[in-house]
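> Got a predicted model here, sequence first, then my questions.
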Amino acid sequence: MRLTQERDIIVREIFSDHEHFDVDEIVARLDKPVDGRRVSRATVYRTVSSLEEAGLIRKVARTNDREVYEHDYGYPQHDHFICEKCNSLLEFRNEEISAILEKVAMEMGFRMVGHRLEGYGICAECAKPPSRRHCKLDMI
């Protein structure tokens with residue numbers, strides 16, 4: 001594909017940090033003209049799709065009816081915990097998990113080139129008990 005100015009702007013925005021994102025977030029970040037050029041929503045969607053097909057970004061999860069992506073080109077293998085309450089994604093690395101998967105793959109004659117692990121539950125922030133305000137009924 002030809003690298004147009006619009007695609008270049010989108011790629012630079014996506015790879016400017018290693019945060020998880022959805023397409024609407026990229027569209028919102030590029031809402032104002034960059035270098036005098038506007039980037040259309042359709043171009044962002046097509047470019048994200050092309051980057052995924054090329055293996056430069058990957059879909060991490062579907063939360064709140066949105067596809068969440070990350071770029072992992074040149075980024076170390078990692079896994080995710082996904083909070084079912086606030087939809088936050090927490091990255092973590094664990095060599096023991098990788099070693100277990102490699103051992104099982106070898107035992108099965110499977111040549112593993114990578115893995116993806118997603119754990120679902122409630123994050124520490126959402127698991128905190130709600131703070132109670134004292135009211136007159138509590139004093140009875």
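Arrived safely.
> Against residue 58, how distant is the residue lying closest to residue 93 once chain neighbours are set aside?
Spatial nearest neighbour of residue 93, chain neighbours left out: residue 78 (4.9 Å); criterion: Cβ to Cβ, 6 or more residues apart in numbering. Heads up, the C-betas are built off the backbone N, CA and C, glycines and all. Applying Cβ to Cβ, to the nearest Å, the value for residue 78 to residue 58 is 12 Å.
> hang on, the earlier thing: contacts only, for the residue nearest to residue 93.
Going by Cβ atoms under 8 Å, 6 or more residues apart in numbering, residue 78 touches 72, 91-93.
> Give the residues shared as contacts by residue 78 and residue 58.
In contact with both residue 78 and residue 58: residue 72, using Cβ under 8 Å, 6+ apart.
> Give the other helices and strands that the least confident helix or strand in the chain by mean pLDDT contacts.
Least confident element among the helices and strands of the chain, by mean pLDDT, DSSP states H and E: strand 57-63 (a mean of 81). Strand 57-63 makes packing contacts with helix 41-53, strand 66-71, strand 79-83, strand 89-92 when contacts are defined by 3 or more Cβ pairs under 8 Å, 6 or more residues apart in numbering; DSSP states H and E.
> Swap in 6 Å and give it another go.
With contacts taken as 3 or more Cβ pairs under 6 Å, 6 or more residues apart in numbering; DSSP states H and E, strand 57-63 sits against strand 66-71.
> what does the strand it packs on contact?
14-15, 20-22, 57, 59-61 (Cβ atoms under 6 Å, 6 or more residues apart in numbering).
> a markdown table please, covering those and showing neighbour count.
Putting these into a markdown table (neighbours: other Cβ atoms under 10 Å) gives the following:
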| residue | neighbour count |
| --- | --- |
| 14 | 22 |
| 15 | 14 |
| 20 | 16 |
| 21 | 21 |
| 22 | 19 |
| 57 | 22 |
| 59 | 13 |
| 60 | 21 |
| 61 | 17 |
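> So of those, which two are at opposite extremes in space?
15 and 61 (19.9 Å; Cβ to Cβ).
> returning to what we had before: specify the angle between the least confident helix or strand of the chain and strand 79-83 in degrees.
Taking axes from the mean of the first three to the mean of the last three Cα atoms, to 10 degrees, one finds strand 57-63 and strand 79-83 inclined to each other by 30 degrees.
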